[in-house]
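>>> Let me see the structure of the following:
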Amino acid sequence: MKRMIVTMAVIVAATALTVGVVRAATEHNVTATLGGVAGDIFDVDGLMKVNALVVGQQSIGGVTFFNGTIVNSTTDSTGADNPVTFGDNVRIDGRVYRGATAGTSDVMPFIVNDNMEVAGNLTVSGGITIGDNQTVTFGSSSVLNVTDATVTGLSVDDLSDGSSVAQVDAAETLTGDWVNTAYPWGANEIADLTRFTSIPLSGMYTDANGTPAAITSATVPALSYVANQGLYLEYAEDDTVDFGGQLVVPTDYSGQGVFKAVVDTSGDLVTDWNLDWQVAISETATAAWASSMANETPVDVPDNAGTPDTLTFTPTSQSDISAGDVLFFNIWPDSNTAAGEPNVEIYAVWFQYTSVQ
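You can find the predicted model right below:
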């Protein structure tokens with residue numbers, strides 16, 4: 001009986017306090033009214049309903065224990081549930097999760113049903129999924145750091161400015177200007193270029209490996225001329241005298257050194273005809289002259305009368321060539337006794353290589 005009287009008194013006092021707050025804003029000390037002292041606990045077994053509730057005091061605060069669930073049991077004019085509303089900043093000192101247990105082991109994800117703004121850093125231990133046709137926007141000073149992360153589903157077409165994505169571990173072709181002033185590339189980072197050293201026809205000699213003589217219109221090979229094509233060295237049927245010259249390998253040489261020649265024939269070949277050749281590589285780095293001429297594999301003369309063809313003469317010891325070396329070479333037609341062979345015409349000779357920058 002006494003407990004019921006206390007309960008009733010609490011309810012009456014709370015109601016009176018509520019009415020006082022609403023009507024006259026007068027405070028009543030329920031604890032003193034019920035004969036208690038500060039720190040006493042009043043146990044209400046039933047449901048206590050108040051229009052407003054203040055917990056704690058200014059600069060002191062207080063603690064509210066909800067050993068269960070907070071629910072807003074009211075509805076709006078359409079009958080839809082009204083949400084529980086917090087009308088001030090909310091501080092949560094524990095973790096926020098949905099469902100009976102914390103963590104990602106259930107199918108109850110924590111849902112934010114609105115735009116969200118994070119004033120500090122956002123750290124995600126799992127993956128981030130962005131819905132289809134959504135836009136990710138970064139500020140002008142933002143930095144996206146995806147170290148040790150994998151970005152999937154991103155293609156060049158997804159870039160709004162139409163740029164292309166360059167791969168540092170694959171061959172790439174730049175179609176626009178590349179401005180790199182902050183960190184200039186070193187010479188060894190630029191792809192080697194193909195360069196050549198031209199060898200004038202008049203700068204070579206006939207019988208270069210025997211009794212060298214200046215090439216003229218009366219020598220073998222003969223220095224001849226044809227309109228619109230220029231000078232050329234002419235070999236007639238059965239001519240086998242060599243011609244050649246020498247050069248110093250340019251200082252920007254990096255490798256792939258070969259001799260090149262543009263040739264033509266005055267008519268169709270009767271049988272196969274080749275240009276044979278030799279080369280001597282004197283390496284200045286070791287200060288040693290070549291001890292002999294290296295016989296190289298003959299190069300076939302194409303049967304394309306009236307058409308300039310470029311032939312390539314690759315030294316077997318190409319790897320021995322270095323900048324500053326002296327190269328001495330001879331070229332001559334193989335012996336060919338077939339009747340009616342056309343003339344072989346050599347219009348240009350040069351040394352081609354890749355260079356460092």
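>>> beta partners of the residue nearest to Pro302 when sequence neighbours are not counted?
Excluding its sequence neighbours, the residue lying closest to Pro302 (C-beta to C-beta, 6 or more residues apart in numbering) is Asp309, at 4.5 Å. All C-beta spots, glycine's among them, are computed from the backbone N, C-alpha and C. On the basis of DSSP bridges, Asp309 is bridged to Val263.
>>> Show me where the stretch 51-200 of the chain has its strands.
Listed in chain order, the strands found in the stretch 51-200 of the chain under DSSP state E, counting those that start in this stretch are 193-199.
>>> returning to what we had before: give the contact list for the residue nearest to Pro302.
Val262, Val263, Asp264, Val301, Pro302 (C-beta atoms under 8 Å, 6 or more residues apart in numbering).
>>> just curious, which of those is nearest to Asn343?
Closest approach to Asn343 among the contacts of Asp309 (C-beta to C-beta): Asp264, at 9.0 Å.
>>> hang on, isn't that closest one packed against Pro342?
No: contact criterion C-beta atoms under 8 Å: Asp264 and Pro342 do not qualify, at 9.4 Å.
>>> Could you pull out the residues contacting both of these two?
Residues touching both Asp264 and Pro342 (C-beta under 8 Å, 6+ apart): Ala305.
>>> Buried residues, stretch 263-273. List them.
Val263, Asp264, Thr265, Leu269, Trp273 (16 or more other C-beta atoms under 10 Å).
>>> how long is it from one end to the other?
In stretch 263-273, first residue to last residue: 12 Å (C-alpha to C-alpha, to the nearest Å).
>>> Rank the buried residues of stretch 263-273 by pLDDT and give me only the lowest.
Minimum pLDDT across the buried residues of stretch 263-273 is recorded for Trp273, with 89.
>>> low-confidence ranges in the stretch 201-350 of the chain?
Applying pLDDT under 70 to the predicted model, the stretch 201-350 of the chain contains no residue that meets it.
>>> Run through the strands of it in chain order.
Going by DSSP E, counting those that start in this stretch, the stretch 201-350 of the chain shows strands at 205-206, 213-214, 222-226, 230-235, 243-248, 253-265, 274-282, 294-295, 299-300, 309-313, 326-333, 344-355.
>>> Mind checking the ones you listed for the one nearest to Asn145?
strand 253-265 (38.4 Å).
>>> Which neighbouring elements make contact with that closest one?
Strand 253-265 sits against strand 274-282, strand 309-313, strand 326-333, strand 344-355, with contacts defined as 3 or more C-beta pairs under 8 Å, 6 or more residues apart in numbering; DSSP states H and E.
>>> Which positions within that strand qualify as buried?
Residues of strand 253-265 classed as buried by neighbour count (16+ other C-beta under 10 Å): Tyr253, Ser254, Gly257, Val258, Phe259, Lys260, Ala261, Val262, Val263, Asp264, Thr265.
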